[in-house]
Structure formats: C-alpha cells, structure tokens
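Trainee: coords below, sequence missing:
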Ligand SMILES: Cc1cc2nc3c(=O)[nH]c(=O)nc-3n(C[C@H](O)[C@H](O)[C@H](O)COP(=O)(O)OP(=O)(O)OC[C@H]3O[C@@H](n4cnc5c(N)ncnc54)[C@H](O)[C@@H]3O)c2cc1C
C-alpha cells in the first residue's frame, strides 16, 4: 500500500515502506533517510518521506503495564487512542488530552504534541507524558523524562518525528465516572459574542470549543461547553461508523454544498443542554470513516493557526480574506489556548486563539489565499500547526518558532520528512 497523509494531496510515495512491530529491534540501515509513520492522521507532510523509508509503527501495539492507583499506562508507540479508550473507559479511565480523532497513535500524539478542547485546563498531550524511550539511528536508546535526558524529552515532544523513533511511552490517564458528557450549546453572532461566552465557560467547564460558519456575511456559530458526567444520566453509544468506500472522481465539496451544510448546521434545532456519549462530542468526524475522500483525487488542505489573544483582531482580517476569496470551509473550529506551558521546543500551542479550516485543493487560487493568510498570521505574531501544513515557507516556520535553534542539534542525522526538507 502507499502511505498517504490525511489531506490526500498528491505526493511522491516513499521508496520503502516497512511494517515495524518489534520495539527491541534496531533501526534498519537505509541508504536515504527514514521516518516513523503513525496512523497517517496528519493532514500535511510531517509524516511523509517521499523517495525514502517510512517505518509504519502500527505493529508496535502492545500495552505494557498499568498502575490502577495512579492511572499511569505504559504502552508501545503504535497503540491507537481508540484502543486505549476501548479498554480503559469501562474501567473508569479516560485520556488526559485527546485530539478530534481517536485514530491517532501514541507516537503521533507525542510527535505533534496534540491539543484538545481542554487546553485551557490541561495543556497539551505532552504535559501528561511521564517518559518514553527514544531509539536513534546509531542504535542508542534513551529513556527520556522531565528528570532524565530532559533535553531529549523536550526536543521529542512536538519534535515532528525528527529526533528518532519513540518505541514506547508512559502517559497518565484521568478518572471518569461514566461514558456520558453534559454539553451546553449556544448560538453566537459575531466574534465578540464568542469571546464573551468563552471567557465565562472556561471558568466553569473542562472542555470548550466553537464551530463557525465562515461563509456567512458575519462570523456566526455554535459554542459548546462540556464536562464528563458521573452517575445517572447515560448516553447511548454511537453505532458503527459509516464509510466512504472509494474516492469519487471529483470533489463533492463545492461552494454550494458548503453553504447548504453550514446553513443547515447553524439552524438545526439546538437544545441548550444535551447529554451525549463521549464519542460524538470529542470525535464528530470519526462517525464517517474516510470522510477525507469527499474531496476527490486532488485532496484538500487544512489551515490551522494560532495568534495571541491581544492580536485577535487578526481573525476578522482572516475571515474577511476567506470570504473575499470565495473559498469556504465547513467545520471551521475555533478555540482558545490557555497559558499551561507546552513542554516541547516546537509545540504548536501557545496562549491565544486558534482556528482550523478545511479547503478543497484548487491549486493556485488556494495557495494564493494561504499566502495572504500567512501574512496576517505572521503580522499578528502567530504560527501555523505543522501537523496540518503542506506548504508554509521555511522562512515563516523558522521565524514563528523561536526555540528552533535549540531543537536543531537533536535531529537524528538519518531522519527527515517532506516537511523538514521544505522548512529547514
Ligand atoms: C479528523 C481529525 C481531527 C484532528 N483533530 C486534532 C485536534 O483536535 N488537535 C490536534 O492537535 N490534532 C488534531 N488532528 C491531527 C492529529 O491529531 C495529528 O496529526 C496526530 O499527530 C496524528 O497522529 P498519527 O498517529 O496519525 O501520526 P502520523 O500522522 O502518521 O505522524 C505524525 C508525526 O508523528 C511522527 N511519529 C509517529 N509515530 C512516531 C514514533 N513512534 N516515533 C517518533 N515519531 C513518530 C511522524 O513521523 C510524523 O512526524 C486531527 C486529525 C484529524 C484527521
């Protein structure tokens, strides 16, 4: 099979794809470079290595140990968050931080230092990693934690897979009393209303997120605040996901379908409070397996940025630029990051507001729009999320990651990716 990124943008395949399932094995000696591939849920090219070697890590799928008192789980790096949930939710444990899909590996979650709807309380995934083993191409194995090889720990969390192969890791799970979530839903009209709702909700809710309709003449959306629910009220478990069996010959996402979807979503009946199973709350897109095929063979881009709250006016300019370009997005997700520091030198989260938008690949007009958006994000002192990126310039990446020079010495000389070759 050819390993691809989630955005399905055309890219030259790896020359050598190896299934990797033995954590005690040495890394292969290869002619070119190598890179770990988790479960391919990064939209862009951080997980691609065209013309060279990819080590498919899903074979590293064993659980190693669990401490029932502290919630510390040791497992191999190819274990999926989905597999952890299936085993530990019935025992009353949940992930401390989870991205918007449960089909990512532990190694991928660490390498991109992923974030969730609880960033304002819990920080990023790396904040809950106790330690891991890092295997380098020279055969050296390092145990990395905040106290041991701490500089390798901070380089590898959010290190985009460039410091070597994570073979196993220990993360701390959190207690829950049931599978249900209590969620409050509020429609808002305009960004000022979003920020007012968000400030109030962050003080009293663990999870907050908003969906915005960026095709409307003025940004409007739905704000959701959620908490795990104990005891009585039980939500119904979702059924088996639907699946898109093949890639249609053209994109099913166009101006018309986007506008219709966004309108319908905004105007759907919206109870002020719902009780729902955790899966649709955290992973609404996992309800349709391979939904990324909707965009057809040319694929799509996701553009996710963060800007400091003081520069949040940049959001207005960005949304206006998108509206003027007539290239819309459905499911634009708006969220604030809190001030819990991320442990990684290249971690994406920083205090501020982040927006993620999907765009069908229309080649030149789409790339021209991104150039305009980059200029606004850069002027606001923000940065782009590498896990979602396929096209940012090296200059922008280097300027917007102030700790890059501290990170560079930790790159394994035999590891690289399409992303690293483009931006470094
Ligand atoms: C629907 C959807 C929703 C998402 N929502 C969010 C979200 O809310 N928040 C968020 O932060 N992200 C989100 N993402 C992005 C996703 O969480 C990240 O891209 C994640 O890193 C993907 O993990 P993966 O296991 O698929 O790794 P891959 O995408 O295969 O690889 C990602 C990186 O990890 C490296 N890597 C993988 N395994 C190892 C290893 N064992 N050792 C060293 N390096 C390794 C790879 O080299 C690569 O650089 C979302 C993605 C999708 C598709």
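Mentor: Cool, got the structure. Note that this is a predicted model, so its numbers are computed, not measured.
Trainee: for residue 96, helix, strand, or coil?
Mentor: Assigned with DSSP: H, G, I helix; E, B strand; the rest coil, residue 96 falls in the coil class.
Trainee: tally of neighbours for it?
Mentor: Applying other Cβ atoms under 10 Å, we find 19 residues neighbouring residue 96. From N, CA and C alone the C-beta is placed, and that goes for glycine too.
Trainee: mind pulling up the pLDDT for it?
Mentor: Listed pLDDT for residue 96 reads 98.
Trainee: contacting residues for the residue nearest to it when sequence neighbours are not counted?
Mentor: Distances taken as Cβ to Cβ, 6 or more residues apart in numbering put residue 128 closest to residue 96, at 3.9 Å, once the chain neighbours are dropped. By Cβ atoms under 8 Å, 6 or more residues apart in numbering, residue 128 lies in contact with 96, 97, 122, 171, 172.
Trainee: ok, which pair from those is furthest apart?
Mentor: 122 and 171 (12.1 Å; Cβ to Cβ).
Trainee: re earlier: ok, the contacts of residue 128 vs residue 89, which is closest?
Mentor: Using Cβ to Cβ, residue 96 is the member of these that sits closest to residue 89, with 13.4 Å.
Trainee: what about the closest one, distance to residue 268?
Mentor: Separation of residue 96 from residue 268 (Cβ to Cβ, to the nearest Å): 31 Å.
Trainee: and what of residue 15?
Mentor: Residue 15 sits 48 Å away from residue 268 when distances are taken as Cβ to Cβ.
Trainee: ok, those two, which is more surrounded?
Mentor: Neighbour tally, residue 15 and residue 268, criterion other Cβ under 10 Å: the higher count belongs to residue 15, 14 against 9.
Trainee: you'd agree that one is up against residue 52?
Mentor: Yes - Residue 15 is within contact range of residue 52, at 6.0 Å (criterion: Cβ atoms under 8 Å).
Trainee: which neighbours do these two have in common?
Mentor: Residues within reach of residue 15 and of residue 52 at once, by Cβ under 8 Å, 6+ apart, are residue 32.
Trainee: quick check: which ranges of the stretch 201-350 of the chain have low pLDDT?
Mentor: Within the stretch 201-350 of the chain, the stretches with pLDDT under 70 are 231-236, 241-246, 248-253, 255-256.
Trainee: nearest residue to whatever residue of it ends up closest to the ligand in space, please, no chain neighbours.
Mentor: Going by Cβ to the nearest ligand atom, the ligand is nearest to residue 285 of the stretch 201-350 of the chain, at 4.3 Å. Nearest non-adjacent residue to residue 285, counting by Cβ to Cβ, 6+ apart: residue 291, 6.0 Å away.
Trainee: tell me, how many residues neighbour the one you found?
Mentor: 15.
Trainee: quick one, phi/psi of it?
Mentor: Dihedral angles of residue 291 (phi, psi; degrees, to the nearest 10) stand at phi -60, psi -20.
Trainee: start at 528, not 1
Mentor: OK, 528 is where the count begins now, so the last one is residue 818.
Trainee: check whether it really touches residue 810, as I assumed.
Mentor: No - proximity of residue 818 to residue 810 does not meet the contact threshold set by Cβ under 8 Å, at 11.6 Å.
Trainee: pretty sure the residue of the stretch 728-877 of the chain closest to the ligand sits in a strand.
Mentor: No - Residue 812 is assigned helix when assessed by three-state DSSP, not a strand.
Trainee: now do the contacts for it.
Mentor: Per Cβ under 8 Å, 6+ apart, neighbours of residue 812: 627, 628, 818, 858.
Trainee: got a PyMOL select line for the buried ones in those residues?
Mentor: Under the burial definition 16 or more other Cβ atoms under 10 Å, those of the contacts of residue 812 that qualify are selected in PyMOL by:
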select buried, resi 627+628+858
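Trainee: can I get the contacts of residue 812 in TSV with distance to residue 586 and secondary structure?
Mentor: Below are the contacts of residue 812 laid out as TSV (distance: Cβ to Cβ, whole Å; DSSP: H, G, I helix; E, B strand; the rest coil):
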residue	distance to residue 586	secondary structure
627	25	coil
628	20	coil
818	26	helix
858	32	coil
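Trainee: redo the contacts of residue 812 as a markdown table? Include distance to residue 936.
Mentor: Output for those, formatted as a markdown table (distance: Cβ to Cβ, whole Å):
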| residue | distance to residue 936 |
| --- | --- |
| 627 | 33 |
| 628 | 33 |
| 818 | 40 |
| 858 | 39 |
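Trainee: which residues are contacting the lengthiest helix in the chain?
Mentor: Looking across the chain with DSSP state H, the single longest helix is helix 891-906. Helix 891-906 is contacted from outside by 828, 830, 832, 834, 841, 844-845, 848-849, 852, 854, 886-887, 910-911, 918-920, 923, 926-927, using Cβ under 8 Å, 6+ apart.
Trainee: tell me the SS of the closest residue to the ligand within the stretch 678-827 of the chain?
Mentor: Residue of the stretch 678-827 of the chain nearest the ligand, by Cβ to the nearest ligand atom: residue 688 (2.3 Å). The three-state label given to residue 688 by three-state DSSP is coil.
Trainee: ok, the residue nearest to it when sequence neighbours are not counted - contacts?
Mentor: Residue nearest to residue 688 in three dimensions, not counting chain neighbours: residue 638, with 4.6 Å by Cβ to Cβ, 6+ apart. If you count contacts by Cβ under 8 Å, 6+ apart, residue 638 has them with 563, 565, 573, 683, 685, 686, 687, 688, 693.
Trainee: repeat the analysis, applying 10 Å as the threshold.
Mentor: Residues near residue 638 by Cβ atoms under 10 Å, 6 or more residues apart in numbering: 562-563, 565, 569, 573-574, 604, 632, 652-653, 683-690, 693, 871, 873, 913-914.
Trainee: ok, residue 625 next?
Mentor: Residues in contact with residue 625, defined by Cβ under 10 Å, 6+ apart, are 608, 611-612, 631, 636, 641-645, 649, 652, 734, 805, 809-810.
Trainee: who wins for neighbours among these?
Mentor: Within these, neighbour counts (other Cβ under 10 Å) peak at residue 652, which reaches 32 neighbours.
Trainee: residues of stretch 587-594 that come out buried?
Mentor: 587, 588, 593.
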